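Engineer: Got a sequence here, can you model it:
(one chain, ligands or ions: 1)
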Amino acid sequence: GGITKLVQSIQLIIRIYWLLDLAENSLLNKLIRKSLVESNHQVEVLQRDPSSPLFSVKTFEELHLKKELLQGIYEMGFNRPSKIQETALPMMLADPPQNLIAQSQSGTGKTAAFVLAMLSRVNGAEKFPQCLCLAPTYELAVQTGQVVEKMGKRCVNTRVTYAVRGNRIPRGTKIEEQIIIGTPGTVLDWCFKLRLLDAKKISVFVLDEADVMIDTQGFLDQSVRIQRTLPQDCQMLLFSATFEDAVLRFAEQIIPDPNIIKLRREEMTLTNIRQYYFLCENIQDKYKALCNIYGSITVGQAIIFCQTRRNAKWLSQELTRDGHKVSVLSGELTVEQRAAVIQRFRDGKEKVLVTTNVCARGIDVKQVTIVVNFKLPTNQLRCPDFETYLHRIGRTGRFGKKGLAFNMVERHNLPLLRSIEEHFSEYSIPIKPFDLSDLPSVAEELRQG
Ligand SMILES: Nc1ncnc2c1ncn2[C@@H]1O[C@H](COP(=O)(O)OP(=O)(O)OP(=O)(O)O)[C@@H](O)[C@H]1O
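Structural biologist: Next up is the predicted model:
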């Protein structure tokens with residue numbers, strides 16, 4: 001009765017927030033990531049059309065791209081294909097066209113890959129939509145469109161338009177742009193209600209951020225309805241940063257006889273991170289321990305994780321008063337504001353980033369040498385949040401550098417620390433109490449970098 005309805009609506013609200021967070025994370029990654037995330041893993045080909053040419057390319061020249069497209073790529077500073085592009089591009093550019101499902105973590109070159117495929121297939125002389133790309137949110141659609149405009153700068157006859165809320169086009173208008181990027185709901189309206197484009201003329205269909213897409217019933221159904229209206233010989237491409245079973249099932253439902261490739265995620269290792277803890281009576285004690293660290297180690301850049309916005313605010317005020325250059329990252333900032341804070345931190349304008357859990361994910365800043373858990377991460381049930389702990393201290397010790405993690409622990413939370421240490425016992429790295437005698441070796445290790 002009423003109770004179940006109430007529970008269902010609460011669950012729906014939680015899912016929507018979770019999805020928004022997922023989409024926000026995806027957008028934040030795009031905004032802060034100015035360069036490729038290199039991977040030294042090989043791409044795994046899980047399934048392929050036996051007739052498809054299976055080879056990978058090491059240069060863009062081997063792809064026989066239109067010269068104005070090759071020009072666009074070089075002007076973007078791309079020297080050679082990324083790991084996923086090496087295998088995905090030959091499949092996507094093959095004739096006859098191949099369908100593809102590709103998973104590769106954020107920042108590894110998926111967007112550039114399918115944008116290159118769309119630009120490559122567009123016939124600039126024809127003034128009607130030929131490529132359709134679905135994205136989960138307006139902002140992500142705009143981000144992808146910017147890559148099209150940058151990479152297609154020299155393809156003078158090729159133009160892109162956005163099927164998103166707010167781009168009002170009168171019913172019956174015949175759209176001339178060859179590439180359409182939009183969110184599922186608006187794209188459906190453009191196809192059926194407003195009849196702005198003829199889906200039968202679409203030759204390339206891209207569904208990006210599939211892992212974000214499938215989490216709202218609407219998107220999943222709408223994407224399927226759009227895909228159903230496309231012609232049989234339309235090339236279908238689907239991309240996702242992760243490959244949970246649900247994503248793969250959705251992908252195979254949408255993309256007929258696909259090639260399937262994936263790039264394994266870099267394992268997060270803790271082996272090159274030294275972890276210590278300070279026993280603290282209260283928050284002032286924690287602040288004093290923090291000052292001890294600063295007083296005695298030449299710190300590169302540090303990220304300090306707090307559990308609440310209130311503590312983050314209090315801590316940043318204390319640090320600023322003591323003359324540290326501090327920036328704060330917390331949930332009430334918009335994604336663009338967060339990206340700006342992270343960009344400043346990356347540029348070294350501030351030495352300390354105080355942040356709450358919400359923004360902890362996805363910040364990969366190379367020169368972070370120290371991570372401080374001002375409070376150990378726990379979930380809503382006040383149990384240790386192992387995944388967040390791993391994500392947080394994984395912000396340091398990146399790219400083979402040495403890293404340092406300090407945990408400020410109240411006495412009653414020691415069992416929490418022990419269960420975290422136990423959970424990561426495979427790395428067999430103790431979380432030792434920090435005392436000043438450790439300093440010389442720690443400082444030396446940091447210097448070695
Ligand atoms: N072959 C390449 N060489 C150099 N830089 C590249 C290459 N391909 C992409 N990049 C750059 O790397 C960054 C990440 O690329 P891209 O956005 O395509 O990755 P992505 O996997 O789609 O990331 P996300 O999933 O976060 O959207 C971008 O700044 C892009 O310009």
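Engineer: How about the residues of the stretch 201-350 of the chain by the ligand?
Structural biologist: residue 241 (CB under 6 Å from any ligand atom). All C-beta atoms are positioned from the backbone trio N, CA, C, and that covers glycine.
Engineer: quick one: the strands in the stretch 201-350 of the chain?
Structural biologist: Listed in chain order, the strands of the stretch 201-350 of the chain (DSSP state E, counting those that start in this stretch) span 204-207, 235-240, 259-263, 273-280, 301-306, 326-329.
Engineer: what's the spacing between the fifth one and its chain's center?
Structural biologist: When distances are taken as CA atoms, centre = their mean, to the nearest Å, strand 301-306 is centred 20 Å away from the chain's centroid.
Engineer: Poorly predicted segments of the stretch 101-250 of the chain, please.
Structural biologist: 217 (pLDDT under 70).
Engineer: On the three-state scheme, residue 189 is what?
Structural biologist: At residue 189 the chain is in helix, as set by DSSP: H, G, I helix; E, B strand; the rest coil.
Engineer: In TSV: the strands of the stretch 201-350 of the chain, plus mean neighbour count.
Structural biologist: Shown next, in TSV, are the strands of the stretch 201-350 of the chain (neighbours: other CB atoms under 10 Å):
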stretch	mean neighbour count
strand 204-207	26
strand 235-240	25
strand 259-263	22
strand 273-280	20
strand 301-306	24
strand 326-329	21
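Engineer: Can you tell me the closest non-neighbouring residue to residue 163?
Structural biologist: residue 182 (2.6 Å; CB to CB, 6 or more residues apart in numbering).
Engineer: And residue 299, by the same measure?
Structural biologist: Leaving aside its sequence neighbours, residue 299 sits nearest to residue 370 (CB to CB, 6+ apart; 5.3 Å).
Engineer: The one you found looks like it's in a strand, true?
Structural biologist: Yes. Counting by three-state DSSP, residue 370 is found in a strand.
Engineer: Show me the shaky parts of the stretch 301-449 of the chain.
Structural biologist: 357-366, 397-400, 428, 449.
Engineer: Now do the same contact list for whichever residue of the stretch 151-300 of the chain sits closest to the ligand.
Structural biologist: The ligand sits closest to residue 241 of the stretch 151-300 of the chain, with a gap of 5.0 Å, by CB to the nearest ligand atom. Shown in contact with residue 241 (CB atoms under 8 Å, 6 or more residues apart in numbering): 26, 103-106, 110, 209, 211.
Engineer: Which of those residues fall within strands?
Structural biologist: Members of those lying in strands (criterion: DSSP state E): residue 103.
Engineer: As TSV, the contacts of residue 241 with neighbour count and distance to residue 437 would be great.
Structural biologist: Listed next are those as TSV, based on neighbours: other CB atoms under 10 Å; distance: CB to CB, whole Å:
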residue	neighbour count	distance to residue 437
26	24	45
103	28	47
104	29	45
105	20	40
106	20	41
110	25	48
209	26	50
211	20	47
